[in-house]
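Chemist: Predicted model and sequence follow; I will ask about them next.
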Amino acid sequence: MNTANRNQATYAAILTTFNAEQTVARAVQSILQQRINPSEIIIIDDFSSDSTLKILQDNFSHIPNLRIIVNPINSGQSYSRNIAANFATSDLIIIFDDDDISSPDRANKHLELYAKGSDVSYVSSIKRYSDSYQISCENEDRMLVKLEPTPLLERLVLGRQSIALGETWIPASTTAFDREYFLSIGGYDVQMRRLEDAEIIIRAAKNGCICSWSSKILVTRMSTRSADKGGAIETEFEKLLLTKYQNLLSKSDLRLALNLIKFRD
């Protein structure tokens, strides 16, 4: 690991969007307001049917380092983020969502954690709902943790705590990746239209990932409704996640996890 080179790292801001005409401009503005400017901004429009693409083209196409790519069919966030990562040339990729707002200091924190040796880093967030209810998703500060896949999966599907992970959160829109590492593990699993953040970090753990979490709340995540969100859909992808990584669990824990899904279904 060459930490000297990491101190001069560049980053790409990656934003994927679909039918986000009410929020996408605000999300892009939060990228443009970062205290450390991205070397490139890559926006993937996932075949929106509303005015999202027009808003992007009318308001942001003049920005020299900003590129807008339109998928020919709707393909999901995982596919779109992978496309953006392949187009990027920067050292680090920072994931932004089309309905979230990132603090101007967010990129600084990811670059700091990257310079110290992280393959993947997370910042803390607040999740806000339409009824004004909000949840603080505040991480403990965890530096350069070598993740183990089984305790991570147990945490995600069984709620089982581990000392190494402590109180930590893994939303995709609070994440940054070493781009080369991201590509080396194959990026996001395109089958995972939901819970893609859980799937990739388990796979990263299987590939020797070094991960860091920051306690600084630097993303406001807005809960929006859509046809591809909700309990039944989450359940579908939780079953897919368990099927993919069932060999990491004991038979009794696998049965327990499946029963918990059935109970919530």
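Modeler: Looks like it came in fine.
Chemist: Okay, strands next: where are they in this structure?
Modeler: Assignment of strands within the chain using DSSP state E yields the ranges 11-17, 40-45, 66-70, 92-97, 100-102, 120-128, 134-137, 142-146, 175-178, 210-222.
Chemist: Of all those strands, which one comes closest to Leu195?
Modeler: strand 175-178 (13.8 Å; CB to CB). C-beta: built from backbone N, CA, C; applies to glycine.
Chemist: which other helices and strands contact that closest one?
Modeler: strand 92-97, helix 106-115, strand 120-128 (3 or more CB pairs under 8 Å, 6 or more residues apart in numbering; DSSP states H and E).
Chemist: which of these sits most buried?
Modeler: When those are scored by mean count of other CB atoms under 10 Å, the highest mean neighbour count falls to strand 92-97 (a mean of 26).
Chemist: Okay, now the sheet partners of that one, with direction.
Modeler: In its sheet, strand 92-97 lies beside strand 11-17 (parallel), strand 175-178 (antiparallel), with partners assigned from DSSP bridges.
Chemist: Show me what counts as buried in the last one.
Modeler: Which is strand 175-178. Neighbour counts using 16 or more other CB atoms under 10 Å place Thr175, Ala176, Phe177, Asp178 of strand 175-178 among the buried residues.
Chemist: separation between the third one and Lys109?
Modeler: Looking back up the chat, that one is Phe177. Counting by CB to CB, to the nearest Å, the gap between Phe177 and Lys109 amounts to 14 Å.
Chemist: out of everything not next to it in sequence, what's closest to the residue nearest to the spatial centre of the chain?
Modeler: The residue lying closest to the centre of the chain (CA atoms, centre = their mean) is Ala172, at 1.6 Å. The spatially closest residue to Ala172, leaving aside those adjacent along the chain, is Asp197, at 4.0 Å (CB to CB, 6 or more residues apart in numbering).
Chemist: For that neighbour, give me the pLDDT.
Modeler: The predicted local confidence for Asp197 comes out at a pLDDT of 97.
Chemist: what separates it from Ile95, distance-wise?
Modeler: Between Asp197 and Ile95 the distance is 9 Å, computed by CB to CB.
Chemist: tell me, what's touching the two both at once?
Modeler: Ala172, Thr175 (CB atoms under 8 Å, 6 or more residues apart in numbering).
Chemist: Name the spans of this protein whose pLDDT lies under the cut-off.
Modeler: For the chain, the stretches with pLDDT under 70 are 1-4, 224-233, 264-265.
Chemist: in the protein, which spans are helices?
Modeler: With DSSP state H as the definition, the chain shows helices at residue ranges 3-6, 24-32, 52-60, 77-87, 106-115, 149-158, 179-184, 196-206, 231-244, 251-264.
Chemist: For Ile217, which of those is the nearest?
Modeler: Shortest separation from Ile217 across the helices of the chain is recorded for helix 106-115, at 10.0 Å, computed as CB to CB.
Chemist: Asn207 contacts Ser184, doesn't it?
Modeler: Yes. Using CB atoms under 8 Å, Asn207 is in contact with Ser184, at 7.5 Å.
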